[in-house]
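Visitor: Let's see this in three dimensions:
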Amino acid sequence: MARVTIYRDNAERDARRLSTEGRKDVAEQIKSEFEAIAPRRTGEYTGGASVTVDGDRVYVEDNDPEAFWKEYGTSRMRGIAALTNAARKHGKYSGFKPRGSRRG
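Guide: Numbering: from 1, shown residues only. A predicted model of the protein is given here:
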């Protein structure tokens, strides 16, 4: 009989490191889907998305200064949620809920 000890912190660190390239590919898909469904009135909204890799962390970011309000809405405007909806297709989401949205 063999005994194996798994150290959770080491396993999680290794899993993040080994999966970084795959998560980067998923982030690129999310960015692409976002750009396809985002409103195109001026093109400003779609052009702000980027994929950022910081060590073993991968982010899809929208660098438009007004992105938060466009995504989640204000008291006078319904949220569009284009980036949120694109990301939801690829995993569990528990963040902000767009104003006026019925999705949970």
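Visitor: Please pull out the lowest mean pLDDT helix or strand from this structure.
Guide: helix 67-72 (a mean of 86; mean pLDDT, DSSP states H and E).
Visitor: Give me the buried positions along the longest helix along the chain.
Guide: As assigned by DSSP state H, the longest helix anywhere in the chain is helix 8-37. With burial defined by 16 or more other CB atoms under 10 Å, the residues of helix 8-37 counted as buried are 23, 26-27, 29-31, 33-35. (Glycine included, C-beta is placed from N, CA and C.)
Visitor: Stretch 79-88 now?
Guide: Neighbour-count burial for stretch 79-88, with 16+ other CB under 10 Å as criterion, is recorded at 79-87.
Visitor: Mind checking the pLDDT average for that stretch?
Guide: Stretch 79-88 comes out with an average pLDDT of 88.
Visitor: hang on, the earlier thing: save the buried residues of stretch 79-88 as CSV, and put in secondary structure and distance to Ala11 too.
Guide: Shown next, in CSV, are the buried residues of stretch 79-88 (DSSP: H, G, I helix; E, B strand; the rest coil; distance: CB to CB, whole Å):
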residue, secondary structure, distance to Ala11
Gly79, coil, 37
Ile80, coil, 38
Ala81, coil, 34
Ala82, helix, 35
Leu83, helix, 31
Thr84, helix, 30
Asn85, helix, 32
Ala86, helix, 30
Ala87, helix, 25
